[in-house]
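# Give me a 3D structure for the following:
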Amino acid sequence: MPSFKIDTSTAVVFVAVEPKPKVINKQTEEVAIDRETGAKLMTVGLTIADEGEANLFTVTIPETGVPSGLTLGLPVKVIGLRARDWENTFNGEKRFGIAMRAAALVAPSAPASSSKG
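Residues are numbered from 1 along each chain as shown. Next up is the predicted model:
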């Protein structure tokens with residue numbers, strides 16, 4: 001299924017929901033796995049603001065692309081953000097939406113401390 005690149009180069013992106021494993025079966029608590037790398041998949045809620053509009057997106061990212069220490073409100077850079085549409089039928093009800101996927105998040109590095117003596 002085709003996907004589309006999302007350009008966030010001019011956007012401000014913040015962590016809105018901390019990373020958690022992407023569970024595909026709530027009964028067994030089975031976590032989704034990246035088919036290409038075998039890495040566990042995580043979901044992160046990101047607020048993406050650009051051109052006077054801000055939206056909350058749930059983005060799926062391989063665990064290897066999620067830096068440790070992500071906290072609410074932390075600004076991040078999104079690497080390789082893509083969107084694709086999906087549709088399925090669950091209990092006879094048709095559902096559809098847009099799935100967001102990224103290769104990685106990059107958190108700002110801590111400012112270098114300077115000691116004045």
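# buried sites along stretch 21-41?
If you call a residue buried by 16 or more other CB atoms under 10 Å, then stretch 21-41 has these buried ones: 22, 32, 34, 41. Where C-beta positions appear, they are placed from N, C-alpha and C, glycine not excepted.
# does residue 8 sit in a helix, a strand or a coil?
Following DSSP: H, G, I helix; E, B strand; the rest coil, the label given to residue 8 is coil.
# Show me what the residue lying closest to it once chain neighbours are set aside is bridged to.
Once flanking residues are discounted, residue 8 sits nearest to residue 78: 5.0 Å by CB to CB, 6 or more residues apart in numbering. Residue 78 has the following beta-bridge partners by DSSP bridges: residue 105.
# contacting residues around residue 78?
Shown in contact with residue 78 (CB atoms under 8 Å, 6 or more residues apart in numbering): 8, 13, 46, 48, 59, 102, 104-105.
# Widest-spaced pair of these?
Checking the contacts of residue 78 against each other with CB to CB, the farthest-apart pair comes out as 48 and 104, at 15.6 Å.
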